[in-house]
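Engineer: quick one: sequence and predicted model below, then my questions.
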Amino acid sequence: MFQSSEVPKCQGSRIPGRKEAKRSEILKSYMAKNFEELIVWQDPRMLANNVHSAFIDSKDFSFRDQINRAAVSIMNNIAEGFERYSKPDFKGFLQIAKASCSEVRSMLYLALDFKYIDETKAIEMMQLGVKIKAEIINLMNKL
């Protein structure tokens with residue numbers, strides 16, 4: 001299992017000197033070999049850990065379980081879609097991951113309303129959620 005410090009990072013989205021190459025060739029040569037290499041998977045892992053830590057002591061078990069499931073769903077759908085080796089399948093799983101990301105953000109608003117979490121933590125996780133959503137959309141557009 002990779003520790004967060006060991007997970008390789010992807011470098012940039014352009015391959016220099018390849019203007020004449022087809023988009024699919026560029027993607028093929030750039031694509032990660034393992035889902036753990038994808039920043040679009042690494043950030044949801046961080047979010048899932050943050051959500052788990054923030055709500056670990058919550059007595060509202062159904063709320064806690066739902067927000068944890070939604071957070072874990074983001075990274076799991078990215079991993080599962082990546083392993084399908086089919087662009088249409090991967091896109092479908094990325095759409096599910098993006099929806100789960102919105103679910104987490106929505107539940108964070110409720111957590112604020114219910115006073116389950118302080119505003120600083122909620123905003124930090126919401127901002128990470130917005131970043132993840134943008135990363136997912138960016139990857140979907142490149143497939």
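Structural biologist: Great, that's in hand. Source: prediction; values computed, not measured.
Engineer: for residue 116, phi and psi?
Structural biologist: Per-residue torsions, residue 116: phi -80, psi -20 (degrees, to the nearest 10).
Engineer: dump the residue contacts of it.
Structural biologist: 55, 58, 60, 63, 110 (Cβ atoms under 8 Å, 6 or more residues apart in numbering). Bear in mind the C-beta positions are built from the backbone N, C-alpha and C, glycine included.
Engineer: my read: the first one touches residue 114, true?
Structural biologist: In this case it means residue 55. No: the criterion here is Cβ atoms under 8 Å, and residue 55 misses it with residue 114 at 11.1 Å.
Engineer: neighbour count for the two, which is higher?
Structural biologist: Taking other Cβ atoms under 10 Å, residue 55 and residue 114 do not tie; residue 55 has more neighbours (22 against 12).
Engineer: ok, the more buried one - contacts?
Structural biologist: Listed by Cβ under 8 Å, 6+ apart, the contact partners of residue 55 are 63, 64, 67, 68, 111, 116, 117.
Engineer: top of those residues by number of neighbours, please.
Structural biologist: residue 67 (27 neighbours).
Engineer: hang on, isn't that one packed against residue 109?
Structural biologist: No: applying Cβ under 8 Å, one finds residue 67 not in contact with residue 109, separated by 11.1 Å.
Engineer: spell out which residues are contacts of both of residue 55 and residue 114.
Structural biologist: Any residue near both residue 55 and residue 114 by Cβ under 8 Å, 6+ apart counts here, and that gives residue 63.
Engineer: quick one: what helix or strand has residue 47 in it?
Structural biologist: helix 39-55 (DSSP states H and E).
Engineer: perfect, I'm done here.
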